[in-house]
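Novice: Have a look at this fold, sequence not included:
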């Protein structure tokens, strides 16, 4: 083995360790919000013999499992607004009920959201599925605006 090859291996090993250390400091995580899903509805949480959720079960077994879950509201728009902002629905303006496509309001544009804080910390964020936090004129409340 030449000195150059040894230095290259040593350098790559150091970068690999550094990369693993950085990953350990900033773990990946996924938030899943599902309407009308109860604690007993998933096999991985309650042993439900009827529900077949192998992918969710696999994620639960490979990661952390949180067993105390609370929602700020029994309906979707206010609970989503509270989840994204960390503020009660009466404080973030997403209440008393559900936004429809024709609603003129939405989650206030000046609200600090969890995804924006995560992006500021260097994370990449992604949203898929139901938004339900308002549309507004020209789609101003939609997540891509």
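Specialist: That came through, no problem. Keep in mind the model is a prediction, meaning the values are calculated, not measured.
Novice: And the pLDDT at residue 109?
Specialist: Looking at residue 109, its pLDDT reads 93.
Novice: who touches it in this structure?
Specialist: Contacts for residue 109 (CB atoms under 8 Å, 6 or more residues apart in numbering) come out as 140-141. Yep, even glycine has a C-beta here, placed from its N, CA and C like the rest.
Novice: Okay, it and residue 93: tell me how far apart.
Specialist: 11 Å (CB to CB, to the nearest Å).
Novice: Please apply the same query to residue 106.
Specialist: 8 Å.
Novice: neighbour-wise, which of the two wins?
Specialist: A side-by-side neighbour count of residue 106 and residue 93, using other CB atoms under 10 Å, places residue 106 first with 24 against 16.
Novice: List the contacts of that one.
Specialist: With contact set as CB under 8 Å, 6+ apart, residue 106 has these partners: 94, 99, 133-136, 140-141.
Novice: ok, now residue 108?
Specialist: With contacts defined as CB under 8 Å, 6+ apart, residue 108 is in contact with 92-93.
Novice: Let's see that with 6 Å instead.
Specialist: Contacts here follow CB atoms under 6 Å, 6 or more residues apart in numbering; on that basis residue 108 touches residue 93.
Novice: helix, strand or coil for it?
Specialist: Following DSSP: H, G, I helix; E, B strand; the rest coil, residue 108 is assigned to coil.
Novice: for residue 80, same thing?
Specialist: Per three-state DSSP, the local secondary structure of residue 80 is helix.
Novice: where does the protein have its least confident helix or strand?
Specialist: When each helix and strand of the chain is scored by mean pLDDT, DSSP states H and E, helix 3-25 comes last, with a mean of 59.
Novice: burial of residue 136, as a residue count?
Specialist: Using other CB under 10 Å: residue 136 sits among 17 other residues.
Novice: ok, what's across the strand from the residue lying closest to it once chain neighbours are set aside?
Specialist: Nearest residue to residue 136, sequence neighbours excluded (CB to CB, 6 or more residues apart in numbering): residue 106, at 4.8 Å. Residue 106 has these beta-bridge partners by DSSP bridges: residue 134.
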